[in-house]
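Peer 1: need the 3D shape of this:
(chains A and B)
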Amino acid sequence: MSGQPDPARRIFVSYIDKSRDYYEAQGYGNPYRWAYNTAAPFTPLPKPLADSRVGIVTTASLIDDNDPGPEPFSMPRVVYSAPVDPPPASLYTMHRSWDKEATHTDDLGSFFPLQVMRDFAIEGRIAGVSARFYGVPTQYSQRQTIASDAPEILRLCREDGVDVALLVAL
Amino acid sequence: MSLTARHLEENGIPTVVLGSARDIVEQCAVPRFLFTDFPLGNPCGAPYDRTMQRQVAEMALVLLESAAFPRTTVQTPFHWPTDQWRQRFMEVDESHAAELREAGEIRRAQQAAQRAREAAARA
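Peer 2: Here you go, the predicted structure:
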């Protein structure tokens, strides 16, 4: 493999295929069944972005300075919110399944667009950023995401007057 | 994450998902998706590239403003400097089959320990 993409095959990576084969090779049975929908909801932008407050949702977690470091699988599987001011110096990502060989998450701006949104707010591109940002766990259980995590994110967004949401998946 | 976007949207908050796992997001079906064809981990642009990160963020805003239909995917114009990652991430082949099986055993043991801790915490 030269490393060049082969246009005789699909170029973009299928993570559904990759993760299924990978976990099967690790000895797991019953491959994960990803969420599948044939339609999506749609809410048109109700007002200009210059009048809209933006909320940011991330799959990264807060770093607890008092915690010596999470063990694998020990991260709390709960929704959280945290102030955007002061902005977090960094966020914890090692529990998420991103490509730790090809890249890194040392630069917050590469996966958490808070600073750039604050710049846009100063420039008047958006009205502002909500007072808190929101963390959502990547649940194995879609039922739990739908029944509890997503409603909790909605509640927090409403509490903070979020008009539009950016959701960033590691 | 995609399921959360759907829930917010169903309840009147327009959303855009920024991500690099195109098949997972599109199979879930979200209102608006800004896809960057990078290794997983930097969906807002390459590390320390503030110009690119700003362009990605601006595209997310334009997508919010301009999408007329749900399931609108827009791909950012950026390319990772190499392509080996496409094959190497979660690669499975015979040369490391034993290593993968062993990693699976360790992972299952960690998961069992976690379940035990959670059960103990509930008790």
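Peer 1: switch to C-alpha atoms for all contacts and neighbour counts from now on
Peer 2: OK.
Peer 1: A:Leu166 is in what secondary structure piece?
Peer 2: Following DSSP states H and E, the helix or strand that holds A:Leu166 is strand A:164-168.
Peer 1: for that strand, name the packing helices and strands.
Peer 2: Using 3 or more CA pairs under 8 Å, 6 or more residues apart in numbering or on different chains; DSSP states H and E as the contact criterion, the secondary-structure elements in contact with strand A:164-168 are strand A:53-58, strand B:15-19.
Peer 1: for these, which one sits closest to B:Asn42?
Peer 2: strand B:15-19 (8.1 Å; CA to CA).
Peer 1: can you pull the buried residues of that closest one?
Peer 2: Burial within strand B:15-19, assessed by neighbour count using 16 or more other CA atoms under 10 Å in any protein chain shown, is assigned to B:Thr15, B:Val16, B:Val17, B:Leu18, B:Gly19.
Peer 1: surely the third one meets B:Ala29?
Peer 2: No: at 10.7 Å, B:Val17 and B:Ala29 do not qualify as touching, with contact defined as CA atoms under 8 Å.
Peer 1: what's the most distant pair in the buried residues of strand B:15-19?
Peer 2: Within the buried residues of strand B:15-19, two members stand farthest from each other by CA to CA: B:Thr15 and B:Gly19, at 12.9 Å.
Peer 1: follow-up on the earlier one: list residues touching both of B:Val17 and B:Ala29?
Peer 2: Taking CA atoms under 8 Å, 6 or more residues apart in numbering or on different chains as the contact criterion, the common neighbours of B:Val17 and B:Ala29 are B:Ser2.
Peer 1: thinking again about what came up before, could you dump the helices and strands packed on strand A:164-168 to JSON lines with distance to B:Ala120 and mean pLDDT?
Peer 2: Written out in JSON lines, the entries for those read as follows (distance: least, CA to CA, whole Å; pLDDT from 0 to 100):
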{"stretch": "strand A:53-58", "distance to B:Ala120": "29", "mean pLDDT": "97"}
{"stretch": "strand B:15-19", "distance to B:Ala120": "36", "mean pLDDT": "98"}
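Peer 1: distance to A:Val162 added to those, as CSV?
Peer 2: Converted to CSV, the helices and strands packed on strand A:164-168 look like this (distance: least, CA to CA, whole Å):
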stretch, distance to A:Val162
strand A:53-58, 5
strand B:15-19, 11
